[in-house]
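Visitor: I need the structure of the sequence given here:
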Amino acid sequence: MRARTAGTVSRFIGAGVGLARLVAVSIVKVVDIVAL
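Guide: Numbers count the residues shown, from 1 in each chain. This next block holds a predicted model:
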């Protein structure tokens, strides 16, 4: 049970990091477009 929970948490964190990275890239692209 504990190992499964840890795996779910690490997977959730990994998804969150990936999503945050995607959002950051999107913001940078929008800023570049606006700056131009």
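Visitor: Centre of the chain to stretch 23-36, how far?
Guide: In terms of CA atoms, centre = their mean, to the nearest Å, the gap separating the centre of stretch 23-36 from the centre of its chain is 16 Å.
Visitor: Give me the buried positions along it.
Guide: Residues of stretch 23-36 classed as buried by neighbour count (16 or more other CB atoms under 10 Å): none. Where you see a C-beta, it was placed from the backbone N, CA and C, and this is true even at glycine.
Visitor: What mean pLDDT does that stretch get?
Guide: Mean pLDDT, stretch 23-36: 93.
Visitor: Look up how far residue 30 lies from residue 24.
Guide: In this structure, residue 24 and residue 30 are 11 Å apart, going by CB to CB, to the nearest Å.
Visitor: no, scratch that, I was asking about residue 20
Guide: Counting by CB to CB, the gap between residue 20 and residue 30 amounts to 16 Å.
Visitor: How about residue 14?
Guide: Distance from residue 14 to residue 30, counting by CB to CB: 25 Å.
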